[in-house]
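Enquirer: got a predicted structure plus its sequence, pasted below:
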Number of protein chains: 2
Amino acid sequence: MTIYDIAKITGYSSATVARALSGSGYCSKKAKATIVEAAKNSNYNYNFQAKALRSQKTNKVLCCIPDICNPFYFRMIDGITKTLEKSGYLLMLYPTEKSLQKEIEAINLCRTKFCDGIILISFDFCAKNVAALRESGIPAVLGNRYLEQKGTDNFDYVYVDHIFGMEIATEHLLEKGCRHIVLVTGNRQKQTSSERTEGYVRALGRRDIRPDDRYILNGGYDRETSKAAMAAFLDSRLPFDGLIAGNDLSAYGIVEALQERHLSIPQSARLVSFDNTDYATIASPSFTSIDMCQYELGTALATTLLERIAGRHVVKNTILKPALVQRQSS
Amino acid sequence: MTIYDIAKITGYSSATVARALSGSGYCSKKAKATIVEAAKNSNYNYNFQAKALRSQKTNKVLCCIPDICNPFYFRMIDGITKTLEKSGYLLMLYPTEKSLQKEIEAINLCRTKFCDGIILISFDFCAKNVAALRESGIPAVLGNRYLEQKGTDNFDYVYVDHIFGMEIATEHLLEKGCRHIVLVTGNRQKQTSSERTEGYVRALGRRDIRPDDRYILNGGYDRETSKAAMAAFLDSRLPFDGLIAGNDLSAYGIVEALQERHLSIPQSARLVSFDNTDYATIASPSFTSIDMCQYELGTALATTLLERIAGRHVVKNTILKPALVQRQSS
DNA sequence: GTGAAAGCGCTAACAC
DNA sequence: GTGTTAGCGCTTTCAC
């Protein structure tokens, strides 16, 4: 059932039918009534593909997610979908499994007019994925900062300040009297972990404490890896009185490693975690955790992208400041 | 840059260019080499919308999710996307907020050739949403059973057997000696909760225990509501020695209510929860929980839908059996 | 082995 | 106030 069919039924031209049904352009009340009635009776539905081809608009946004099972992303996705919905946009998920290759695939897919814009979440914005993005020319927004951005770039970013977050986490432990703080984060070659390490080093530096590489572990932001990294650290028998985990699941892995040696939080060491998900409150003792503003990150990502799709061509980045939520673990 | 442009550049016709680039239809090696080279040089990308319009295929699936922040769905979505990916499909999220109206909106959207099929997750498949689905005629799969299904229907379902799940949960507590078991579930007018209640009643019946309505609470499957429902129950001072929670977050709410009265698990009462998410292991004591096979549910949903999209017209439902994972709480 | 051309269903400029 | 028509960019049939 097409506009042409409705035209035949009603005796009007296809243009008039289109005007009546879309509401754009002039159409007499009488014609409109007849046409709308006929469309309803014959169960007419417009064809989204045809509309998209003709109007060059898909009303869809692609979102690259490194790890779909990480609870961090769910409140972010919630923020994104709620914001997109208001503008009649829908979100498509593209799980990238933290793979650069997949990120580039997603960007290339967008060159086929597959969607109106792309939200890129990545632990590592590097020369390669950013080059692909620039070449594509599609409206985009990054879920992390990118320092080599140019004013003419086709993307903006929303940055939850990891450096600041780590500074307040470290500062909090220092204030509580900790002096030997173990940092369990991810691969320091990657942006997020290197920024986090930077925040840690800065906060220590303010108290003239020299960071010790043996206290900086790669916990891969998940429970098993963090548990293993912590166990190895415990084997080294280095003294410690503070712990910082990359996220709440990592914190739980650390706690498990401690428990196996009959060590407990906060007696043996105080702990601060990141992300402030439900895990932080459910764990016992509950985790002091840095709230990374996931929902606001989501709404900001969506808003920023929609603006660009609507035609903004100047770069407009957003920086969100995380906040510490204190609980039993510190 | 279109196929016609490449045709002009190479001197071949648009048909030959199309054959060379799509790989369907005959094209000489020489022509193909020239054309592929020219396409690369001029940075040609096919247009997805045009292709979709012409071939009536979007390679997209819409997924209605009642509550995007519920951890139950993470692993299910993971299973869906991983399976879809293998067939070159992408998932679009449609958060329905448990609203029937939104479910129907989503179904109607699909009538516009918006996607190739729809995955519907709902707590309540009722006359209204199923009628809309039937009328739409689009390939679909439900994430719950629907008893009034007809052999000619345009949808299948994947059912994680809630009745069975509740039976094994109740049976487990009965075996441990519990005789006054509190059931905290959702609104019993809705399918999921009514099925769960049925399983509970059945298991009690096998031991000739008469269910008592005062022991069946509406906890709304979330932490706050469950805590409130449990607190109200405690006020009633009815004796109890077993607890069944609708999901892990609800279980945590129940534990909080108990803690406020200085009651503890499993000493005051044994607890079984549903969903077996990470929360169940992180909580202390950890929760015995019914694994609802979320990942398998996701893969089964996707596989079933893809088959229907590919042309299967006979109904093919799948039933998954949940399993109990024992931990400290019981 | 290659080309011409119709058409997927809609939009919008232009004509009357 | 309504109608005609040329595309959006691709696929595919049919002709040579």
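Expert: Received it, and whenever you're ready, just let me know what you need. Fair warning: this is a prediction, and the values are worked out from it, not measured in the lab.
Enquirer: next, count neighbours for the residue nearest to residue A:79 when sequence neighbours are not counted.
Expert: Using CB to CB, 6 or more residues apart in numbering or on different chains and skipping residues adjacent in sequence, the residue nearest residue A:79 is residue A:298, 2.3 Å away. C-beta here means a position set from N, CA and C on the backbone, and glycine is covered the same way. A count of nearby residues for residue A:298, using other CB atoms under 10 Å in any protein chain shown, gives 26.
Enquirer: wait, is residue A:298 part of a helix?
Expert: Yes - Residue A:298: assigned to a helix according to DSSP: H, G, I helix; E, B strand; the rest coil.
Enquirer: state the mean pLDDT of stretch A:151-167.
Expert: Across stretch A:151-167, the average pLDDT comes to 97.
Enquirer: for it, buried residues please.
Expert: A:153-167 (16 or more other CB atoms under 10 Å in any protein chain shown).
Enquirer: what's the local residue count around the residue of chain A found nearest chain B?
Expert: Proximity of chain A to chain B (CB to the nearest CB) peaks at residue A:284, 3.5 Å away. Residues contacting residue A:284 under the criterion other CB under 10 Å number 16.
Enquirer: how about residue A:194?
Expert: Residue A:194 has 16 nearby residues by other CB under 10 Å.
Enquirer: find the nearest non-adjacent residue to it, please.
Expert: Per CB to CB, 6+ apart, closest to residue A:194 is residue A:188, 5.2 Å.
Enquirer: what's the local residue count around residue A:57?
Expert: 13.
Enquirer: wait, is it part of a strand?
Expert: No - checked against three-state DSSP, residue A:57 lies outside a strand; its state is coil.
Enquirer: still on that earlier bit, thought the residue nearest to residue A:79 was touching residue A:77?
Expert: Yes - using CB atoms under 8 Å, residue A:298 is in contact with residue A:77, at 6.4 Å.
Enquirer: sorry, back to before: and of the buried residues of stretch A:151-167, the nearest to DNA strand D?
Expert: residue A:154 (18.6 Å; CB to the nearest atom of the strand).
Enquirer: now do the contacts for that closest one.
Expert: Contacts for residue A:154 (CB atoms under 8 Å, 6 or more residues apart in numbering or on different chains) come out as A:133, A:134, A:136, A:137, A:138, A:139, A:140, A:308.
Enquirer: how many residues are close by the residue in the stretch 51-200 of chain A that DNA strand D sits nearest to?
Expert: Closest approach between the stretch 51-200 of chain A and DNA strand D, counting by CB to the nearest atom of the strand: residue A:54, at 3.6 Å. By other CB under 10 Å, the residues close to residue A:54 number 11.
Enquirer: okay, and it sits in which element?
Expert: helix A:48-55 (DSSP states H and E).
Enquirer: can you list contacts of that helix?
Expert: The contact list for helix A:48-55, computed with CB under 8 Å, 6+ apart, reads A:57-59, B:47, B:49-50, B:52-53, B:56, B:58, B:112-114.
Enquirer: out of the residues you listed, which are buried?
Expert: A:58, A:59, B:47, B:49, B:50, B:52, B:53, B:58, B:113, B:114.
Enquirer: from those, which single one is nearest residue B:9?
Expert: For the buried ones among the contacts of helix A:48-55, the residue nearest residue B:9 by CB to CB is residue B:47; the value is 17.3 Å.
Enquirer: settle this for me: the closest one is touching residue A:114, isn't it.
Expert: No - applying CB under 8 Å, one finds residue B:47 not in contact with residue A:114, separated by 9.2 Å.
Enquirer: dihedrals phi and psi, residue A:283?
Expert: phi -60, psi 160 (degrees, to the nearest 10).
Enquirer: surely it meets residue A:251?
Expert: Yes - under the criterion of CB under 8 Å, residue A:283 lies in contact with residue A:251, with a separation of 7.3 Å.
Enquirer: between those two, tell me which one has more neighbours.
Expert: More crowded of residue A:283 and residue A:251, by other CB under 10 Å: residue A:251, with 31 against 24.
Enquirer: show me what contacts that one?
Expert: A:226, A:243, A:245, A:271, A:273, A:279, A:280, A:283, A:287, A:289, A:329.
Enquirer: go again with 10 Å.
Expert: By CB atoms under 10 Å, 6 or more residues apart in numbering or on different chains, the residues touching residue A:251 are A:184, A:219, A:223, A:226, A:243-245, A:265, A:271-275, A:279-280, A:283, A:287-289, A:329, B:282.
Enquirer: quick check: pLDDT value at it.
Expert: Looking at residue A:251, its pLDDT reads 97.
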